[in-house]
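In: Sequence below, structure please.
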Amino acid sequence: MSDQFAIEPRAVRRREGGELGIVTSSGMAAISLVLQSLRPESVVVAPHDCYGGTYRLLTLLDTRAQITVEFVDQTDPEALDALVSRLGERIGLFWVETPSNPLLRVTDLKLISGYARRLGAILAVDNTFLSPVLQTPIKHGADIDVHS
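Out: Below is the predicted model:
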């Protein structure tokens with residue numbers, strides 16, 4: 001592979017404002033990597049309108065009892081509050097797409113970041129549509145920023 005097409009993890013990390021940069025072969029590989037870091041009893045809160053590949057992966061892992069997935073309209077603060085009240089500290093990960101794929105719905109990262117901090121959960125954001133050029137989720141409280 002020519003050096004002109006090489007991806008430099010340090011450059012991505014600096015642009016994101018993060019502490020570590022990891023490059024994977026695809027966006028789905030990055031999502032899988034994040035999900036593999038969770039304990040089997042972890043609950044993942046994901047958007048009800050997430051990318052089809054992400055939905056299928058989350059559902060598969062839930063079916064295999066590797067994680068528990070709760071899909072919710074993350075643009076609805078009342079629905080989020082009800083879910084967080086019901087599940088509490090069982091939540092290990094908030095998975096957010098903003099804007100979502102394919103509906104382009106915008107999620108309030110500060111709101112979900114507040115829930116994640118209070119519960120000791122991870123906040124991971126799929127930032128594929130905006131990229132670090134237009135949005136830096138880490139600066140809005142995300143722990144992990146993924147983009148394809």
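
In: where along the protein do the helices fall?
Out: 9-16, 27-36, 52-63, 77-87, 109-119, 131-134 (DSSP state H).

In: gap between the last one and the chain center?
Out: Read that as helix 131-134. On the basis of C-alpha atoms, centre = their mean, to the nearest Å, helix 131-134 is displaced by 15 Å from the centre of the chain it belongs to.

In: who does that helix touch, helix- and strand-wise?
Out: Counting contacts by 3 or more C-beta pairs under 8 Å, 6 or more residues apart in numbering; DSSP states H and E, helix 131-134 packs against helix 9-16. In short, each C-beta sits where N, CA and C put it, glycine included.

In: Could you find the closest non-adjacent residue to Ser148?
Out: Gly27 (2.7 Å; C-beta to C-beta, 6 or more residues apart in numbering).

In: And Val84, by the same measure?
Out: Tyr115 is the one closest to Val84 (C-beta to C-beta, 6+ apart), at 5.2 Å.

In: Can you give me the separation between that neighbour and Pro132?
Out: 23 Å (C-beta to C-beta, to the nearest Å).

In: For Glu41, grab the count of nearby residues.
Out: 11 (other C-beta atoms under 10 Å).
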